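A.B. asks: model the structure of this input:
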Amino acid sequence: MSSQIIKALYNRNYRIFFAGQGLSIIGTWMQNIALSWLIYRLTDSAFMLGLVAFIGQIPNFVLAPFAGVWIDRLGKRGVLIGTQAFSLLQASLLTWLTLTNRIEIDHILALSLLLGCINAVDVPARNAISVEMMDNQEERQNAIALNSVTYNLARLVGPAMGGILIPLVGEGYCFLLNAASYFVSILSLIALRLKANTVVQQHNDMLLQFKEGYAYTFKQLPLRNILLLLGIISVTAMPYTVLLPVFVTQNLGGNAGTLGFLLAVAGCGSFLAALFIASRSEFQGLEKLLVAAAVTIGISLISFMLPGNFWLSAILMFLLGIGFLIQVVGSNTLLQCMVDDSMRGRVMSFYTMIVMGVGPIGSLLAGSLASQIGVVYTLVLGGVCSLAGAWYFARHLSVFRIQACPIYVQSGSLASREECRF
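C.D. replies: Numbering: from 1, shown residues only. Okay, the predicted model is just below:
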């Protein structure tokens, strides 16, 4: 079992990539919690939290689908070195403005927009390159899960570090540590030994390549339904993180340390769920887990209606961490097992658009709704929508399995139709 969990780490390139990206993501999560606390300290506004999240993530909706075409055409490592260098610049500017007490909400909005544009290219490139390092499908599936282990271990460590450092040294030094983590990430990317890109482009028309990627992704029911359920969760449920500073302050009477602890608890749940998925050698059956995850998310969010209690909130955050991890990673795994290498960048760019691009719309709506009806009822509404998405996906599950079988065979994930389990 333990060897299965770390199977991808036997690959030299992936070990280096895993370490460098892990450190970078820890810094990112530390910056995220520090930035949320800084925004709320400066503005005392739930709407402003939603607006900053919207500004920082909406580029994923606009740019990510086109970024997939660039990624399929250009070297993925070169793209990633560029995105990490620009992220280093963004974190450095944020550090300087904060430590010199020049920081204003307009600066935060502009720098969040810059980072959003960077991430629109960085995230799909990162997903694509980590899978292409692997020699076989089993290693690829394990690499996808370990990427999430990295992300969620960072989600556990980063907020906890931020919660400790913010009261001690302030938000600026959290931004400084994040800048340093990008430098290490760039060094790890330079150290990779990658094969030359063997994908042959049939033409140079980027618009036509975009249309090919769109048709490939959304005209096949299994891919379309995975992204539809993920989109519902992203718009209605994932914005709960934007509202956490308000919930912690108003409903729990907490501070930055409380916020960091709750995010760390969610990260712990996600980490354990990621280990569970990493231990699986079989990708078939993940579609049922997507339904279970959506139901878990829905019930957990609705349960925030119960009287405010710190330990109840911690339990709900733990369950949300599990639910979101299975939803995001399960979707990623199934998509990567279906897609041809020539389309991987484009499909993963649509995945990125759904996970990170439509979320800003939800964040903006959540911030506005919370100002009108309160944080708790906004969370409950997200839970109801999650349950509705689970019902729709489950209703089409039998058709999903039948139509997914030939796609698995065509992509090479299964050797023949006889291996399909309906």
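A.B. asks: now do the same contact list for the residue most central in space within the chain.
C.D. replies: Against the mean C-alpha coordinate of the chain, by CA atoms, centre = their mean, the closest residue is residue 355 at 6.1 Å. For residue 355, the contacting residues are 60, 123, 230, 234, 328, by CB atoms under 8 Å, 6 or more residues apart in numbering. Where C-beta positions appear, they are placed from N, C-alpha and C, glycine not excepted.
A.B. asks: pull the contacting residues for the third one.
C.D. replies: For residue 230, the contacting residues are 327-328, 331, 351, 354-355, by CB under 8 Å, 6+ apart.
A.B. asks: quickly find the element holding it.
C.D. replies: Using DSSP states H and E, residue 230 sits within helix 221-236.
A.B. asks: list the buried residues of that helix.
C.D. replies: Within helix 221-236, the residues scored as buried using 16 or more other CB atoms under 10 Å are 221-223, 225-236.
A.B. asks: follow-up on the earlier one: I'd like the contacts of residue 355 written out as CSV, with pLDDT and distance to residue 288 added.
C.D. replies: Output for these, formatted as CSV (pLDDT from 0 to 100; distance: CB to CB, whole Å):
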residue, pLDDT, distance to residue 288
60, 76, 28
123, 79, 27
230, 92, 15
234, 87, 20
328, 86, 16
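A.B. asks: so what's the residue count around the closest residue to residue 96 other than its chain neighbours?
C.D. replies: Nearest non-adjacent residue to residue 96, counting by CB to CB, 6 or more residues apart in numbering: residue 102, 7.9 Å away. Here the number of neighbours of residue 102 (other CB atoms under 10 Å) works out to 9.
A.B. asks: is residue 102 in a helix, a strand, or coil?
C.D. replies: coil (DSSP: H, G, I helix; E, B strand; the rest coil).
A.B. asks: from residue 180, how far out is it?
C.D. replies: 21 Å (CB to CB, to the nearest Å).
A.B. asks: of the contacts of residue 230 - the most surrounded one?
C.D. replies: Across the contacts of residue 230, neighbour numbers were computed from other CB under 10 Å; residue 327 holds the maximum, 30 neighbours.
A.B. asks: so what pLDDT did the residue nearest to the centre of the chain get?
C.D. replies: The score at residue 355 is 78. That number is its pLDDT.
A.B. asks: the one 4 residues further on now?
C.D. replies: Per-residue confidence at residue 359 stands at 70 (pLDDT).
A.B. asks: against residue 235, how distant is it?
C.D. replies: 7 Å.
A.B. asks: leaving out chain neighbours, which residue sits closest to residue 36?
C.D. replies: Distance criterion CB to CB, 6+ apart; nearest residue to residue 36, sequence neighbours excluded, is residue 245 at 5.4 Å.
A.B. asks: what sits against the one you found?
C.D. replies: Contact analysis of residue 245 by CB under 8 Å, 6+ apart lists 36-37, 40, 49, 259.
A.B. asks: got the phi and psi for residue 408?
C.D. replies: Main-chain dihedrals, residue 408, degrees, to the nearest 10: phi -60, psi -40.
A.B. asks: just the buried residues of the strand or helix carrying residue 70, please?
C.D. replies: Here residue 70, judged by DSSP H and E, is contained in helix 46-73. The neighbour-count check on helix 46-73 (16+ other CB under 10 Å) flags 46-61, 63-72 as buried.
A.B. asks: my guess is residue 81 meets residue 190, correct?
C.D. replies: Yes: Residue 81 lies in contact with residue 190 (CB atoms under 8 Å); the separation is 7.0 Å.
A.B. asks: want to try JSON lines for the contacts of residue 355, with distance to residue 319 as columns?
C.D. replies: JSON lines is the format used below for the contacts of residue 355 (distance: CB to CB, whole Å):
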{"residue": "60", "distance to residue 319": "26"}
{"residue": "123", "distance to residue 319": "25"}
{"residue": "230", "distance to residue 319": "18"}
{"residue": "234", "distance to residue 319": "18"}
{"residue": "328", "distance to residue 319": "15"}
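A.B. asks: still on that earlier bit, C-terminal to the helix holding residue 230, what's the next element?
C.D. replies: Downstream of helix 221-236, the first helix or strand assigned by DSSP H and E is helix 240-250.
A.B. asks: pLDDT averaged over that next one - what is it?
C.D. replies: pLDDT averaged over helix 240-250 gives 80.
A.B. asks: next helix or strand past it?
C.D. replies: With DSSP H and E, the next secondary element past helix 240-250 is helix 256-278.
A.B. asks: in stretch 368-388, what's buried?
C.D. replies: 369-371, 374-376, 378-383, 385-387.
A.B. asks: pLDDT check: weakest of the residues you listed?
C.D. replies: Minimum pLDDT across the buried residues of stretch 368-388 is recorded for residue 371, with 79.
A.B. asks: so how far is the host helix or strand of it off the chain centroid?
C.D. replies: Of the helices and strands defined by DSSP H and E, residue 371 is found in helix 359-373. Helix 359-373 sits 19 Å away from the centroid of its parent chain (CA atoms, centre = their mean, to the nearest Å).
A.B. asks: list the contacts of it.
C.D. replies: 46-51, 53-58, 60-61, 234-240, 242-243, 246, 377-378, 381-382.
A.B. asks: number of residues surrounding the closest residue to residue 171 other than its chain neighbours?
C.D. replies: Closest residue to residue 171 in three dimensions, ignoring its sequence neighbours and counting by CB to CB, 6+ apart: residue 34, at 4.1 Å. Here the count is done by other CB under 10 Å, and residue 34 has 29 residues near it.
A.B. asks: narrow the contacts of residue 245 to those that are buried.
C.D. replies: Neighbour-count burial (16+ other CB under 10 Å) is assigned, among those, to 36-37, 40, 49, 259.
A.B. asks: closest to residue 168 among those?
C.D. replies: Ranked by distance to residue 168 (CB to CB), the buried ones among the contacts of residue 245 are led by residue 37 at 13.0 Å.
A.B. asks: for that closest one, what is the enclosing helix or strand?
C.D. replies: Using DSSP H and E, residue 37 sits within helix 12-43.
A.B. asks: give the buried residues for that helix.
C.D. replies: 13-14, 16-40.
A.B. asks: farthest pair within the buried residues of stretch 368-388?
C.D. replies: Pairwise distances across the buried residues of stretch 368-388 (CB to CB) peak at 24.7 Å, for the pair 371 and 387.
A.B. asks: the bottom helix or strand of this structure by mean pLDDT?
C.D. replies: Using mean pLDDT, DSSP states H and E, the weakest-scoring helix or strand in the chain turns out to be helix 2-5, at a mean of 58.
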